[in-house]
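>>> Dropping the sequence and predicted coords here.
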Amino acid sequence: MKKVFLSYSREDKALVASLKGALTGLDCTVWLDEELSGGQLWWDRILAEIRGCDLFVLGVTEHYVKSTACRRERAYANDVGRPLLPVRLSDVSTNLLPQDLVEIQLVDYRKADTEAALSLARALNRMQAAPALPSPLPSPPPVPTSELERLNGLVQRDSLNYDEQIRLVVDLKASLIGPDPASARSLLEQVRSRRDVFQIVAREVDQALATADGLSEPPKASPPTSDDEPAPGPASPKWPLDRILQTVIGGGIAIAITILALNGILFSPRIDVQATDVDWEPRTPQVGQRVTITGRYTMAYAVRKGLRLSRETVRGQKLNDIFTATWSVDGHESNLEDPLAVTSGDVVEAKFETTFERSGPHEIEFSVRSQKSDAEAGKKKIVRTVYVQ
């Protein structure tokens, strides 16, 4: 009886349940992570199960390809010599697959029917036995941090300014439709109860919680005396005149701040910076050999014309800025600040040198951002896998 480690993204839990049933029916003992906790103990348990399995099965979907935890599980399974069997559970473009999966034939289990089960059975019969674990064991990958863990760290901070509170609430609202909506709701409630919560932020939280509860309107709450003060509890039946004046003035200040913020967001020029490619030399490096990794990125100066919401790129515009290129090699980050005088539309190269101390696949991530106040972080992250001999 084969012991199978089933690697999957939490967003694909329903799809994976069918695959787990099929593997069990094919005389496999299946282990998969079904806990919503995290941390070092949780991650150590996962790595131990990977070492102890006979076969590492991947539930390949678009969510799986994007998951940092899944990438690290797969890399570790490669490092300890576990045979890999990728199983396609949904439509995902081969262009999105990392290089190590492109080179392996995927079992098509999208329809989860009799033919798919037969294909899975044939693939299982072709798999070679797992070799003995290497000695010494390779270094374990770092613990992946979930989005909710990151947001919880922000919620627990002693102070948050207006922009930080707004971004935090936006991210938490998105997490309400994620795999752990109860934790996202709890964090929103903690934001609402902060002493430094802004009036606008408090309203956003109330609206988000009401929507999550299926209500048409959030519960009524007394407005704060100022946009800089916490949202108070229930109001007294009668407000004194000075309290009313303070509230009106505070509301006017909030409206003015909002108008100024929107003016900056909607009509200011912007520098868009985008990572486009990663290459390395030599292409097939040896252990201990110096490797030069080249990341490429482009910059564009974009402005709005008239009252149109969309921005137009202005080519030939001279840009003076500091661009920070970030490489992550096997989870270890390195940054390079590069002050440049370039032209909008240029392609720029940033180089980084490193050595690899073990053979096998190594994951490289590259991103870049501008440090100017009117610039926004590059949204695209390039991920590549280097194979070291």
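That came through, no problem. Residues are numbered from 1 along each chain as shown.
>>> quick one, strands of this structure?
2-7, 28-31, 55-60, 84-88, 107-108, 270-281, 290-303, 312-314, 318-329, 332-343, 347-355, 360-370, 375-376, 382-388 (DSSP state E).
>>> which of those strands has the lowest average pLDDT?
Mean pLDDT values for those show the minimum at strand 375-376, a mean of 44.
>>> helices and strands of this protein: which one bottoms out on pLDDT?
strand 375-376 (a mean of 44; mean pLDDT, DSSP states H and E).
>>> excluding its backbone neighbours, what's nearest residue 92?
The spatially closest residue to residue 92, leaving aside those adjacent along the chain, is residue 62, at 4.8 Å (CB to CB, 6 or more residues apart in numbering). (C-beta placed from N, C-alpha, C; glycine too.)
>>> For that neighbour, grab the count of nearby residues.
15 (other CB atoms under 10 Å).
>>> Enumerate every residue touching it.
Listed by CB atoms under 8 Å, 6 or more residues apart in numbering, the contact partners of residue 62 are 90, 92, 96.
>>> Is it possible to get TSV of those residues that adds pLDDT?
What follows is those, written out as TSV (pLDDT from 0 to 100):
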residue	pLDDT
90	94
92	86
96	79
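>>> Can you say which of those residues are buried?
Among the contacts of residue 62, those buried by neighbour count (16 or more other CB atoms under 10 Å) are residue 92.
>>> picking up where we left off before, need the winner for burial among the strands of the chain.
With neighbours defined as mean count of other CB atoms under 10 Å, those peak in mean count at strand 55-60, which reaches a mean of 25.
>>> Can you list the neighbours in contact with that strand?
Applying CB under 8 Å, 6+ apart, the external contacts of strand 55-60 come out as 2-9, 12, 15-16, 19, 23, 28, 50, 64, 70, 73-74, 77, 82-89, 92, 97, 101, 106, 124, 127, 130.
>>> which residues does residue 138 contact?
Applying CB under 8 Å, 6+ apart as the definition, the contact partners of residue 138 turn out to be 76, 79-80, 358, 360.
>>> likewise residue 285?
Under the criterion of CB under 8 Å, 6+ apart, the contact partners of residue 285 comprise 291, 356, 386, 388-389.
>>> Dump the strands of the chain to TSV, plus distance to residue 201.
What follows is the strands of the chain, written out as TSV (distance: least, CB to CB, whole Å):
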stretch	distance to residue 201
strand 2-7	38
strand 28-31	42
strand 55-60	38
strand 84-88	43
strand 107-108	47
strand 270-281	25
strand 290-303	29
strand 312-314	33
strand 318-329	29
strand 332-343	31
strand 347-355	37
strand 360-370	25
strand 375-376	21
strand 382-388	34
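>>> how about these, which one is nearest residue 197?
Set against residue 197 and scored by CB to CB, the strands of the chain come closest in strand 375-376, at 25.5 Å.
>>> Give me the nearest residue to residue 77, chain neighbours excluded.
Residue nearest to residue 77 in three dimensions, not counting chain neighbours: residue 56, with 4.1 Å by CB to CB, 6+ apart.
>>> distance of that neighbour from residue 73?
8 Å (CB to CB, to the nearest Å).
>>> Give the residues shared as contacts by the two.
Taking CB under 8 Å, 6+ apart as the contact definition, residue 56 and residue 73 share the neighbouring residues 7, 50.
>>> any idea how far residue 32 lies from residue 83?
Looking at residue 32 against residue 83, where the rule is CB to CB, the gap reads 17 Å.
>>> With residue 128 instead?
Counting by CB to CB, the gap between residue 128 and residue 83 amounts to 6 Å.
>>> Of those two, give the one with the bigger neighbour count.
Each of residue 128 and residue 83 has its neighbours counted (other CB under 10 Å); residue 83 has more, 18 against 7.
>>> how about that one, phi and psi?
phi -60, psi 140 (degrees, to the nearest 10).
>>> Could you list the low-pLDDT ranges of the stretch 151-300 of the chain?
Where the stretch 151-300 of the chain drops to pLDDT under 70, the residues are 215-254, 256-271.
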